[in-house]
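S.K.: here is my input, please return the structure:
(one chain, ligands or ions: 1)
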Amino acid sequence: MKEVKELSVKFRLIYPKWPKLERQTEFHLPPHGPVVFAATLPDHVKVEFIDENLENIDFDDPVDFVGISMMLTIQTGRGWDIADIYRKRGVKVIFGGIATMLHAEETMNHADSVFLGEAEGRMDKVFSDFKSDQLRKIYNYMDNRPPIESVGTARREILNRGLYNYKGVQMVDLVHASRGCRFHCYPCAVAYLGGREFRPRPIDRAIEEMESIDNNRLFMVDNSLAQDTAWEMDLFRQMIPLKKKWCSHPIEDKPEVLDLAARAGAWYVYQAIFDTSDYIKERIKRYHDHGIGVEGTILLGLDNHTDDYIKRLIDFLLEIELDLAEFTVLTPFPHTKAFHELHKQKRIFSYNWNDYSADKVVYYPKQMSPERLHELFQHAWNTFYEDESQTIKMFKLLQRVSIRERADNTYRPRRRELASRAFGRKVG
Ligand code: SF4
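M.R.: Numbering: from 1, shown residues only. Here you go, the predicted model:
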């Protein structure tokens, strides 16, 4: 017993805070990267997790080793500050996560060690190096991905789950059934991060994980489920008995796929909308015809976006009755095609990563000034939500899922409803 205690490492895993988008609703989803990473840790590592968006870090609380998990470019500044504080106190710090991979060189200036790549099967070595005081400055596995079969069930028990609710509604839990993406879209770094090969997890492992999650509502954070029709349909078929309700990035809009997705609990999808084509219009209609909602993700400021084009795009989104829309301005994150092109053309005027929040303009758009693009970005939010606020639209989506849950007896009342029942009166 004594020996185990001596060998164990108290490891504090921190998810640095970041400011939400100017117009985004103030809620926080439970993070995914840290819980997937925690599943790769050796047994002797005693991990405690702090999501700084919701909890404060007590720097005086003793710890052996600190890990900083960064998903977003906008988290890096705070992540580096946290590391500097711990390192001044003599605590070693290792960084990992997507934004660490995108900003590896700068992150090394604030780290004892930087881990790049996917962590399955690698952490025994890292922690043994830590214990023998031989931590390497960099562990680079970007080109040496572990077998997808080695991805285990994420360790959600490290989360302080009670914190992840909005007005009494429990937030969705995040889960993934695949990695990689065979596409290579202009603004996206996934090709660099996860590779161009679609890597589906064995379906039974993904199903087992979904089943283990104590939440009926999930967010499947796979880059895109629309990559292999046979796999996608098989996955949906096997999800039907779980009776979960879920949102995801795009799924294929073939009727047979949508039919299965709806039966498997598809609630709504995030769909990028770049143009006003009939293709998009019909695609959205097909989702809706199957009872699947659509949250449009709309990137403003591409080279073909004129003033009129953006205004027309906003009208189009209202015409096709999108359930929700999230507008962002094009942001050239490192290791994307957008970054390479705009950097080469000397059109990026801010390399301050704190500005890379996707609601600030950091480059010279082709068809207008940066200021005008920002005005149109504001106009887009204002116009889309003019007649019906974001809160009401979100409420409608929630109402839709509650109806389906009541129909298949999976509905869980909100905390307020529970309180109201307990005290026999209306609360709030
Ligand atoms: S935007 Fe989506 S579909 Fe395109 S490369 Fe990125 S993850 Fe793949």
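S.K.: point me to the residue of the stretch 251-400 of the chain nearest the ligand.
M.R.: A272 (6.7 Å; C-beta to the nearest ligand atom). Quick note: C-beta positions are derived from backbone N, CA and C, even for glycine.
S.K.: so who does the residue lying closest to that residue once chain neighbours are set aside touch?
M.R.: The shortest distance from A272 to any non-neighbouring residue, by C-beta to C-beta, 6 or more residues apart in numbering, is to T297 (5.1 Å). By C-beta atoms under 8 Å, 6 or more residues apart in numbering, the contact set of T297 is Y270, Q271, A272, I273, A325, E326, T328.
S.K.: select only the buried ones of these in PyMOL?
M.R.: Here is the PyMOL command that selects the buried residues among those (16 or more other C-beta atoms under 10 Å):
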select buried, resi 270+271+273+325+326+328
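S.K.: and the residue in the stretch 201-350 of the chain that the ligand sits nearest to, helix, strand or coil?
M.R.: Closest approach between the stretch 201-350 of the chain and the ligand, counting by C-beta to the nearest ligand atom: N223, at 3.4 Å. Applying DSSP: H, G, I helix; E, B strand; the rest coil to N223 yields a three-state assignment of coil.
S.K.: so for it, what's the nearest residue that isn't a sequence neighbour?
M.R.: Leaving out its chain neighbours, the residue that sits closest to N223 by C-beta to C-beta, 6+ apart is C181, at 4.1 Å.
S.K.: for that neighbour, give me its contacts.
M.R.: So C181 contacts C188, V190, A191, G194, R196, F198, N223, S224, Q227 (C-beta under 8 Å, 6+ apart).
S.K.: for those residues, give me a markdown table that also has distance to L397 and neighbour count.
M.R.: Below are the contacts of C181 laid out as a markdown table (distance: C-beta to C-beta, whole Å; neighbours: other C-beta atoms under 10 Å):
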| residue | distance to L397 | neighbour count |
| --- | --- | --- |
| C188 | 25 | 18 |
| V190 | 26 | 19 |
| A191 | 31 | 19 |
| G194 | 28 | 21 |
| R196 | 33 | 12 |
| F198 | 29 | 18 |
| N223 | 22 | 22 |
| S224 | 21 | 21 |
| Q227 | 25 | 20 |
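S.K.: so which of the residues you listed sit within helices?
M.R.: With DSSP state H as the criterion, helices contain V190, A191, G194 from among these.
S.K.: buried sites along the lengthiest helix in the chain?
M.R.: Of all segments of type helix in the chain, defined using DSSP H, the longest is helix 390-407. Using 16+ other C-beta under 10 Å as the test for burial, helix 390-407 gives Q390, K393, M394, L397, R400, V401, S402, R404, E405.
S.K.: how far does that helix sit from the chain's center?
M.R.: Relative to its chain's centre, helix 390-407 lies at 22 Å (C-alpha atoms, centre = their mean, to the nearest Å).
S.K.: residues contacting the closest residue to the ligand within the stretch 1-150 of the chain?
M.R.: At 11.8 Å from the ligand, I98 is the closest residue in the stretch 1-150 of the chain, using C-beta to the nearest ligand atom. I98 sits next to G33, M70, M71, L72, A189, L193 when contact means C-beta under 8 Å, 6+ apart.
S.K.: measure the fifth one to the ligand for me?
M.R.: To tie it back to what came earlier, the one meant is A189. Distance, A189 to the ligand, using C-beta to the nearest ligand atom, to the nearest Å: 8 Å.
S.K.: which residues of this structure lie near the ligand?
M.R.: Residues of the chain found near the ligand (C-beta under 6 Å from any ligand atom) are C181, F183, H184, C185, C188, V190, A191, N223, S224.
S.K.: okay, now the unreliable bits of the stretch 51-200 of the chain?
M.R.: Nowhere does the stretch 51-200 of the chain drop to pLDDT under 70.
S.K.: where do the strands sit along it?
M.R.: Ranges of strands within the stretch 51-200 of the chain are 65-69, 92-96, 113-116, 138-140, 165-166, 169-170, 173-175, 178-179, 199-200, based on DSSP state E, counting those that start in this stretch.
S.K.: ok, the fourth one: who's next to it in the sheet?
M.R.: Think strand 138-140. Next to strand 138-140 in the sheet, as set by DSSP bridges, lie strand 113-116 (parallel).
S.K.: format the buried residues of helix 390-407 as CSV; extra columns: distance to L135.
M.R.: Converted to CSV, these look like this (distance: C-beta to C-beta, whole Å):
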residue, distance to L135
Q390, 45
K393, 48
M394, 45
L397, 46
R400, 50
V401, 46
S402, 49
R404, 50
E405, 48
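S.K.: phi, psi for N354 please.
M.R.: Torsion angles at N354 (phi, psi; degrees, to the nearest 10) stand at phi -70, psi -20.
S.K.: isn't I273 right next to I280, touching?
M.R.: Yes. Here I273 reaches I280: they are 5.7 Å apart, a contact under C-beta atoms under 8 Å.
S.K.: just the CA coordinates for the strand or helix carrying E341, please, in CSV.
M.R.: Element membership for E341, per DSSP states H and E: helix 337-344. Output in CSV follows, covering the C-alpha atoms of helix 337-344 (Å, rounded to 0.1, in the frame of the first residue of the first chain):
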residue,chain,number,x,y,z
LYS,A,337,-5.2,26.6,-46.3
ALA,A,338,-6.6,30.0,-45.3
PHE,A,339,-3.6,30.8,-43.2
HIS,A,340,-1.1,29.8,-45.8
GLU,A,341,-2.8,31.8,-48.6
LEU,A,342,-3.6,34.9,-46.6
HIS,A,343,-0.2,34.9,-45.0
LYS,A,344,1.6,34.5,-48.3
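S.K.: gap between it and the chain center?
M.R.: Per C-alpha atoms, centre = their mean, the displacement of helix 337-344 from the mean C-alpha position of its chain is 24 Å.
S.K.: flag every buried residue along it.
M.R.: Using 16+ other C-beta under 10 Å as the test for burial, helix 337-344 gives K337, A338, F339, L342.
S.K.: contacting residues around that helix?
M.R.: For helix 337-344, contacts defined as C-beta under 8 Å, 6+ apart pick out H184, C185, Y186, P187, L330, T331, P332, F333, I348, Y363.
S.K.: buried among these? Need that as a selection in PyMOL.
M.R.: A single PyMOL command selects the buried members of the contacts of helix 337-344 (16+ other C-beta under 10 Å):
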select buried, resi 185+187+330+331+332+333+348+363
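S.K.: my guess is V362 contacts I348, does it?
M.R.: Yes. If you go by C-beta under 8 Å, V362 and I348 touch, sitting 6.2 Å apart.
S.K.: list residues touching both of those two?
M.R.: By C-beta under 8 Å, 6+ apart, V362 and I348 have these common neighbours: P332.
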